[in-house]
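please work out how this folds:
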Amino acid sequence: MLFIEFARHCERLEGIAGRLESIDVVSEILPGLSDDDLPIFVRFIMGRVFPDWSPLKLGIGPNLLYEAVAYVVGTRKGAVREKINTLGDAGLAVEDLLATKEQTSFFLQEMDLIEVYRDFERIAIAEGHGSQREKLRIVRKLFANMRPLEGRYLTRLMLEELRIGMGEGNVRDAIAKAFSVEIPLVEHAHQAMNDLGEVARLARQGPEALKSVRIEVFRPVKMMLAQQGTIAEMIADHGEVAIENKYDGSRLQFHKKGDVCRIYSRKLEDVTVGLPDIVHLLRNATGRDVILDGETVAIREGRPMPFQYVIRRFRRKHGVDLMREKIELVPYIFDILYLDGETLIDLPFERRRSILEEVLSDHIAPQYRSSDVDETEGIYRDALLAGHEGIMVKVLSSQYRPGIRGRQWIKVKPGVDTLDLAVVGGEWGEGRRAGFFGSFLLACMDQGQLLTVGKVATGISDEMLASLFALFKDKVIAQKGKEVTFEPEYVFEVGYSEIQTSPNYSSGFALRFPRFVRLRDDKSVDEIETLDLIRERHRRQSGSGGGFEEIA
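Modelled structure (predicted):
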């Protein structure tokens with residue numbers, strides 16, 4: 001498929017409001033693609049370049065993109081930024097600039113999907129001295145060979161914000177419809193492979209190919225997630241439940257085959273280099289080939305330390321031994337996904353726990369079982385006294401569902417309700433906050449689109465304000481007056497008192513009294529709260545008898 005054809009499909013999808021119509025359009029396209037084009041098209045249409053499990057990252061910031069476009073169209077980088085600020089959309093701005101480009105010495109070479117993908121791979125693997133120059137050269141070449149419409153979607157792909165409404169759910173359903181297979185089969189294969197592009201190729205072969213999919217060592221899968229809930233509800237619904245500590249640490253996925261071990265973070269990044277002590281502990285705790293799910297916690301004098309200490313170790317690539325002396329980490333393993341070639345995610349949780357206890361000699365997270373609310377409340381209080389965040393309550397019959405945030409696992413912790421939301425914009429501060437971003441615009445996820453749900457400015461210390469400015473200053477895509485738009489890459493955990501309806505934000509909701517809790521740089525934007533979850537929280541609040549006025 002030529003990239004111009006891909007761009008035209010994107011333009012058509014961008015103009016469709018209905019979910020079912022979008023699914024129909026994509027399902028009609030997929031069967032006509034070659035086996036080489038199919039996985040690339042599927043990833044691209046979701047606004048992704050590489051599979052979620054892949055260590056490759058494009059790593060193109062706004063500044064490099066502006067510089068490349070300015071060179072191709074024969075203008076200043078500042079003029080590119082001004083155009084983006086005027087239109088408020090980097091893709092539309094680049095489309096407009098390419099339509100009027102002055103430099104005509106470039107020969108327009110028709111590019112197809114595979115060629116664009118290969119160039120993205122070259123950008124991702126460029127490293128070391130001269131890597132930025134090489135990336136710039138490739139990006140210039142790409143834009144030089146793009147028509148204006150292609151430029152719109154190439155820009156958005158590079159910034160990983162395609163804006164055409166094709167999230168994982170829609171693409172999954174389109175694959176099922178295109179190749180006449182059941183949606184649960186596509187979903188299950190995706191959970192194991194963590195790549196809808198490859199799943200589409202298998203779906204073309206038929207149901208048996210999808211059924212044959214297995215989890216593979218060193219190909220990380222998304223981690224099962226929990227919703228907030230209550231002890232009483234879980235016991236009323238399920239009777240006896242499993243209770244574990246909710247650790248204030250960082251999630252890990254440990255892969256071992258023979259003597260080779262790797263550790264992956266919640267964002268599926270390979271963090272093995274920074275955690276040699278955890279590798280040593282877990283390698284010595286089992287002689288089997290495994291994939292384990294757990295949490296890493298920083299410890300001082302026998303008590304857990306805050307999350308921020310853990311993340312310092314996860315980020316570390318140099319001076320690891322010195323940091324090990326400063327911050328002691330211990331693993332708590334609470335689940336097993338794979339054992340000696342066998343995928344275990346479809347087994348009930350209590351069976352997986354039994355297997356884990358047989359396989360792992362140490363570092364298993366303590367677990368209690370109870371069907372009594374008062375007893376479970378006592379376990380919860382003990383967890384808080386021990387310095388943990390709270391407890392996890394898990395259904396004993398629950399299967400492991402990678403990437404799914406369901407009510408089979410719930411978290412119980414004190415304090416205000418919180419949401420994990422993407423940071424998509426902000427405003428320059430005034431007074432004491434002059435020279436920094438004084439507030440941040442937040443968004444939830446809905447079928448691959450980011451919808452705004454409010455702003456947060458309180459709860460941010462002066463030290464954190466400076467850290468956030470350093471983090472976001474190179475992520476600015478556009479600016480209009482005091483308002484800035486960020487490339488969506490980081491997640492905030494935000495507390496709030498209520499969720500209310502509001503016409504001011506694209507989600508239709510707003511947070512009352514939002515307060516910054518912490519930066520969740522262990523989470524990816526894909527893991528933020530969905531609009532459906534926010535609707536559900538609002539419904540439950542309203543149903544509890546509380547009256548909520550619309551925020552004007």
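
residues near residue 503, how many?
Using other C-beta atoms under 10 Å, residue 503 has 10 neighbouring residues. Placement of C-beta: from N, CA and C, glycine included.

now it: how far from residue 452?
Computed as C-beta to C-beta, to the nearest Å, the residue 503 to residue 452 distance reads 12 Å.

same question for residue 401.
28 Å.

again, but for residue 471
Between residue 471 and residue 452 the distance is 20 Å, computed by C-beta to C-beta.

which one's more surrounded, the two?
A direct count of neighbours by other C-beta under 10 Å for residue 471 and residue 452 places residue 452 higher, at 21 against 16.

just give the nearest non-adjacent residue to the more buried one, would you?
residue 505 (4.2 Å; C-beta to C-beta, 6 or more residues apart in numbering).

then residue 507?
residue 451 (4.0 Å).

count of neighbours near residue 167?
Neighbours of residue 167 using other C-beta under 10 Å come to 19.

please apply the same query to residue 521.
18.

element containing the closest residue to residue 364 other than its chain neighbours, please.
Among residues not flanking residue 364 along the chain, residue 333 sits closest, at 5.5 Å (C-beta to C-beta, 6+ apart). Element membership of residue 333 [criterion: DSSP states H and E] is strand 328-339.

need the next SSE after that strand, C-terminal direction.
Scanning onward from strand 328-339 (DSSP H and E), the first element met is strand 342-343.

contacts for that following strand next, please.
With contacts defined as C-beta atoms under 8 Å, 6 or more residues apart in numbering, strand 342-343 is touched by 192, 214-215, 337.

sheet partners, orientation included, of it?
If you go by DSSP bridges, strand 342-343 pairs up with strand 328-339 (antiparallel).

only alpha carbons, please: show the partner strand as PDB.
Listed next in PDB are the C-alpha coordinates belonging to strand 328-339 (Å, rounded to 0.1, in the frame of the first residue of the first chain):
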ATOM      1  CA  GLU A 328      17.600  -1.500  48.700                       C
ATOM      2  CA  LEU A 329      14.900  -3.100  46.600                       C
ATOM      3  CA  VAL A 330      13.000  -6.300  47.300                       C
ATOM      4  CA  PRO A 331      10.500  -8.100  45.000                       C
ATOM      5  CA  TYR A 332       7.100  -9.300  45.900                       C
ATOM      6  CA  ILE A 333       5.700 -11.800  43.400                       C
ATOM      7  CA  PHE A 334       2.000 -12.400  43.300                       C
ATOM      8  CA  ASP A 335       1.300 -14.100  40.000                       C
ATOM      9  CA  ILE A 336       2.700 -16.400  37.300                       C
ATOM     10  CA  LEU A 337       1.800 -16.200  33.600                       C
ATOM     11  CA  TYR A 338       4.000 -18.800  32.000                       C
ATOM     12  CA  LEU A 339       5.800 -22.000  33.100                       C
END
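
now it: how far from the chain's centre is it?
Strand 328-339 has its C-alpha centroid displaced from the chain centroid by 21 Å (C-alpha atoms, centre = their mean, to the nearest Å).

for the stretch 201-350 of the chain, what spans make up the strands?
Along the stretch 201-350 of the chain, the segments classed as strands by DSSP state E, counting those that start in this stretch run 225-228, 241-246, 250-257, 260-265, 290-300, 303-304, 328-339, 342-343.

so which of those strands comes closest to residue 538?
Proximity to residue 538, assessed across these by C-beta to C-beta, is greatest for strand 225-228 (13.7 Å).

how about the closest one: buried residues?
225-226 (16 or more other C-beta atoms under 10 Å).

do the same with stretch 261-273
Counting neighbours by 16+ other C-beta under 10 Å, stretch 261-273 gives 261-269, 271-272 as buried.

please parse this structure into its domains.
Domain assignment for the chain by the TED database gives 48-159, 225-412, 418-541.

okay, those domains in a markdown table with mean pLDDT and distance to residue 1 next?
Shown next, in a markdown table, are those (pLDDT from 0 to 100; distance: least, C-beta to C-beta, whole Å):
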| stretch | mean pLDDT | distance to residue 1 |
| --- | --- | --- |
| domain 48-159 | 90 | 5 |
| domain 225-412 | 91 | 28 |
| domain 418-541 | 92 | 20 |
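
possible to save the ones you listed as CSV with distance to residue 165?
Formatted as CSV, those follow (distance: least, C-beta to C-beta, whole Å):
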stretch, distance to residue 165
domain 48-159, 13
domain 225-412, 19
domain 418-541, 5
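
out of these, which is closest to residue 208?
Nearest to residue 208, of the domains of the chain and by C-beta to C-beta, is domain 225-412 at 16.2 Å.

end to end, how far does that closest one reach?
One end of domain 225-412 to the other measures 13 Å (C-alpha to C-alpha, to the nearest Å).

just give me how far it sits from the chain centre.
19 Å.

returning to that earlier point: tell me the one of the buried residues of stretch 261-273 nearest residue 288?
Nearest to residue 288 among those, with distances taken as C-beta to C-beta, is residue 261, at 12.1 Å.

beta partners of the closest one?
Where residue 261 sits in a bridge, its partners, by DSSP bridges, are residue 256.

and for residue 510?
For residue 510, the beta-bridge partners are residue 500 (DSSP bridges).

how close does it sit to residue 538?
Separation of residue 510 from residue 538 (C-beta to C-beta): 10 Å.

higher neighbour count, those two?
Taking neighbours as other C-beta under 10 Å, residue 510 and residue 538 compare with residue 510 leading, 23 against 17.

was I right about the more buried one contacting residue 502?
Yes - the criterion here is C-beta atoms under 8 Å, and residue 510 meets it with residue 502 at 3.6 Å.

ok so, going back, could you check the angle strand 241-246 makes with the strand holding residue 333?
Relative orientation of strand 328-339 and strand 241-246, computed by axes from the mean of the first three to the mean of the last three C-alpha atoms, to 10 degrees: 140 degrees.

so who does residue 420 touch?
Contacts here follow C-beta under 8 Å, 6+ apart; on that basis residue 420 touches 491-494, 520, 523, 527-529.

filter these down to the buried ones, PyMOL style.
Selection of buried members from those for PyMOL, criterion 16+ other C-beta under 10 Å:
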select buried, resi 491+492+494+520+523+527+528+529
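
which two of the contacts of residue 420 have the greatest separation?
494 and 527 (14.2 Å).

in stretch 212-222, what's buried?
213, 215-217, 219-222.

that one: end-to-end distance?
19 Å.

show me the contacts for the closest residue to residue 338 other than its chain neighbours.
In space, and not counting its chain neighbours, residue 338 is closest to residue 291: 3.8 Å by C-beta to C-beta, 6+ apart. Residue 291 makes contacts with 215, 217, 221, 253-256, 336-338, as judged by C-beta under 8 Å, 6+ apart.

which of those lies closest to residue 409?
Looking across these and measuring by C-beta to C-beta, the closest to residue 409 is residue 337, at 14.4 Å.

ok, the closest one - how many residues close by?
When neighbours are counted by other C-beta under 10 Å, residue 337 comes out with 24.

how much space between it and residue 120?
For residue 337, the distance to residue 120 (C-beta to C-beta) stands at 30 Å.
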